[in-house]
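# Sequence and predicted structure are below.
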Amino acid sequence: MRMSHLFGQTLREAPADAEFKSHQLLVRAGFIRQLGAGIFSYLPLARRSLTKIENIMREEMDAIGGQEMTMPVVHPADIWKETGRWYEVGSEMGRFKDAGGRDMVLAMTHEEVVTDLVRNIIHSYRQLPALIYHIQTKWRDEPRSRGGLIRVREFTMKDSYSLDADWEGLDKQYWAHYQAYFNIFRRCGLDVIAVESDVGMMGGKLAHEFMYLSPIGEDTLVLCDACGYTANRQVAVFRKQAEDADEAPKPLEKVETPGVTTIQALAQFLNIPESKTAKAVFMVATITEGQEDVEKFIFAVVRGDMDLNETKLSNAVKAKALRPAHEEEIRAIGASPGYGSPIGVRREGVIVVVDDLIPASPNLAAGANEDGYHYINTNYGRDYTADIVTDIVAAADGYPCSECGAALRTERGVEVGNIFKLGTRYSAAMNATFLDKDGKQKPVIMGSYGIGSGRLLACVAEEYNDEYGLCWPITVAPYQVHIVALRGGFDAAEQVYADLQAAGVEALYDDRTAPSPGEKFNDAEPHRRSFAHHRGRSFAQAGRRGIEAPHRKGAGLDSA
RNA sequence: CGGGGCGUAGCGCAGGCCGGUAGCGCGCUUGGUUUGGGGCCAAGAGGUCGCCGGUUCGAAUCCGGCCGCCCCGACCA
């Protein structure tokens, strides 16, 4: 490609609103332009890199038996109504009506379409297992897109779907993806770790996320260096140790605690550790009952020194949405903000969820549902009971690992891929069944697996840059070679460019006559091919010594 | 959705309080000069000052509404 005709422009300054390195550099280097919030155009350079990433994904998918296809971006809402997601997913789903007034959906993922195909095509166990995939545009109306290509609303994703007759088959395809994903990220030059994750709106059984560790990540990961346990904080578990578990229950007592509305203040006031207190957290959950959404007040109790994990709580009550309760709602059930207590609150329309550490923890201080008063020596079972007792606490730095007891550590990460064991959630809902060997109709067992190509590109950019600009791994670089022609060397550069093209090497040739050498070099930097070959006067004079091949971080090809 | 900020040339910004000719740097065009890290000189092109309404003789500037974008939080995977 001749740079004189390359569509795109390098910028000296990044747009003021670009926060992350990857965003700044991708814009400055002429890879992307923003059209609207979370909506980008991908210029020729970016397209080339994306194509390379997508071809790597194709190769790895094909290697585990995948067949590429293409499914539509616009779906009739009917199939989403069949699985219930039309009702379950909120404003994140793009919806509109077609000219005939029919409800339509912009694809946010493709389980429904796959399942519709499956019920029309798969009839017999003889057609299974199968693996299909496509690379297609998705729309997710994130309430808050940000960070350039890291978090966008319109994006392209490689998503694959496994179809099996039995659970062993699903397991096999799941772990095949697990390995294939590591291969894909490694070939793109990106180090990732796999963590156990929440199944979220996919509603499956087992899920892993592939995380690029970076401070810009929006997910918190919980890691154990001793045994290798890794999980998204949303689902991370840890070993719970009760404090004074064998202490005998003491009599319940109401004490005056004026102005003491926080756990910290309470512990200080009573001169006890925070671990000897119980914390009440008030939430309101939207729960689907039949076709209807109802709001339920959630009264959650965790030990005072720990934090509520909203994902765990949300899963425990099967909530579609969860938000903090307003003060009026709290008062309405007979509780008092700052002095909340599970003892003596209204129970109708209220779900009391208690962390499983609480029943093992005797004599905790808690609120008295009366401004200015707390109870001491509350004991679960004797003083109050819950509708649900389960783990609803967030793991944190230093907590003991559930596997080995060593101290856990947290890190930030960006989710670049995920794999889900869906099971029969979609096939059962949409009646996608096959006739098995034993002559029985059974729902197809499914898995779904995604990697966002733009986000992956952004993460690679985030990882591979230096003070001059981007320095792509050769597998992702838009061009393998960058030739800069300087005065006195144009003829030689033309020749090299022709030779490289003839040899099938992807070359970007800066044939522009106007810019000064400094400009051309600087223009080459943010583009950052892995090599820059310069042809100039010195080349004409000194022959091969005029060739320079700077080898920087990210370059992955031996010098020719 | 809550809080905050910003919309003036392709990019980065000034002007706004105190209403009266639309400005700077970079980029772009033309000519000259220069040529190994964004050099220099000269001449140009390019703007419904986000949109709608109001106040006023007169609005980029003051007032109201709306839209868009960014950040923090909530949310989501």
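Arrived safely, thanks for sending. Numbers count the residues shown, from 1 in each chain, chains lettered A, B, ... in the order given.
# so A:Ala335 sits right up against A:Asn369, yeah?
Yes. Checked against CB atoms under 8 Å, the pair A:Ala335 and A:Asn369 is within contact range at 5.1 Å. For every residue, glycine as well, the C-beta is placed using N, CA and C.
# Near RNA strand B, which residues of the stretch 101-250 of chain A are found?
A:140, A:142-147, A:197-198, A:200-202, A:209, A:218-219, A:232, A:234 (CB under 7 Å from any atom of the strand).
# Sorry, wrong one. I was asking about the stretch 301-450 of chain A.
So the stretch 301-450 of chain A meets RNA strand B at A:Glu310, A:Ser314, A:Ala321, A:Leu322, A:Arg323, A:Pro324, A:Glu415, A:Asn418 (CB under 7 Å from any atom of the strand).
# Please flag which of the residues you listed sit within strands.
A:Ala321, A:Leu322, A:Arg323, A:Pro324, A:Glu415, A:Asn418 (DSSP state E).
# what about burial for those, which qualify?
Listed as buried from those are A:Leu322, A:Glu415, A:Asn418; burial here means 16 or more other CB atoms under 10 Å.
# Going by how many neighbours each has, rank A:Ala335 and A:Asn369 and give me the top one.
Taking other CB atoms under 10 Å, A:Ala335 and A:Asn369 do not tie; A:Ala335 has more neighbours (25 against 22).
# Could you check how far that one is from RNA strand B?
A:Ala335 sits 19 Å away from RNA strand B, going by CB to the nearest atom of the strand, to the nearest Å.
# How is that residue assigned, secondary-structure-wise?
coil (DSSP: H, G, I helix; E, B strand; the rest coil).
# Just list the residues touching it, thanks.
The contact partners of A:Ala335, by CB atoms under 8 Å, 6 or more residues apart in numbering, come to A:Ala280, A:Phe282, A:Phe299, A:Ser341, A:Val345, A:Gly367, A:Asn369.
# quick one: low-confidence ranges for chain A?
Within chain A, the ranges that satisfy pLDDT under 70 run A:200-204, A:291, A:525-560.
# coming back round to it: got the ones in strands among the residues of the stretch 301-450 of chain A next to RNA strand B as CSV, with distance to A:Val481 columns?
Converted to CSV, those look like this (distance: CB to CB, whole Å):
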residue, distance to A:Val481
A:Ala321, 52
A:Leu322, 53
A:Arg323, 54
A:Pro324, 56
A:Glu415, 34
A:Asn418, 35
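# okay, among those residues, which ones form the most distant pair?
A:Pro324 and A:Asn418 (27.6 Å; CB to CB).
# about what we covered before: I'd like the buried ones among the ones in strands among the residues of the stretch 301-450 of chain A next to RNA strand B written out as CSV, with distance to A:Asn377 added.
Output for these, formatted as CSV (distance: CB to CB, whole Å):
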residue, distance to A:Asn377
A:Leu322, 31
A:Glu415, 44
A:Asn418, 46
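# which among the residues you listed gets closest to RNA strand B?
Nearest to RNA strand B among these, counting by CB to the nearest atom of the strand, is A:Glu415 at 4.1 Å.
# Out of the ones in strands among the residues of the stretch 301-450 of chain A next to RNA strand B, which comes closest to A:Gly30?
For these, the nearest to A:Gly30 is A:Glu415 (27.3 Å; CB to CB).
# part of a strand, is A:Lys250?
No. In this structure, A:Lys250 is coil, not part of a strand, as judged by three-state DSSP.
# which ones are touching it?
Residues counted as contacts of A:Lys250 (CB under 8 Å, 6+ apart) are A:Pro362, A:Asn363, A:Ile376, A:Asn377.
# what's the answer for A:Lys276, then?
A:Glu243, A:Asp244, A:Ala267, A:Gly304, A:Ser361, A:Asn363, A:Leu364, A:Ala365.
# at 6 Å instead, please
With contact taken as CB atoms under 6 Å, 6 or more residues apart in numbering, A:Lys276 is in contact with A:Leu364.
# Tell me the spacing between it and A:Val345.
Counting by CB to CB, to the nearest Å, the gap from A:Lys276 to A:Val345 is 22 Å.
# can you check A:Leu252 too?
From A:Leu252 to A:Val345 the distance is 15 Å (CB to CB).
# repeat for A:Ser4
Here the criterion is CB to CB. By it, A:Ser4 lies 74 Å from A:Val345.
# same question, A:Trp139
42 Å.
# Could you do A:Arg119 as well?
48 Å.
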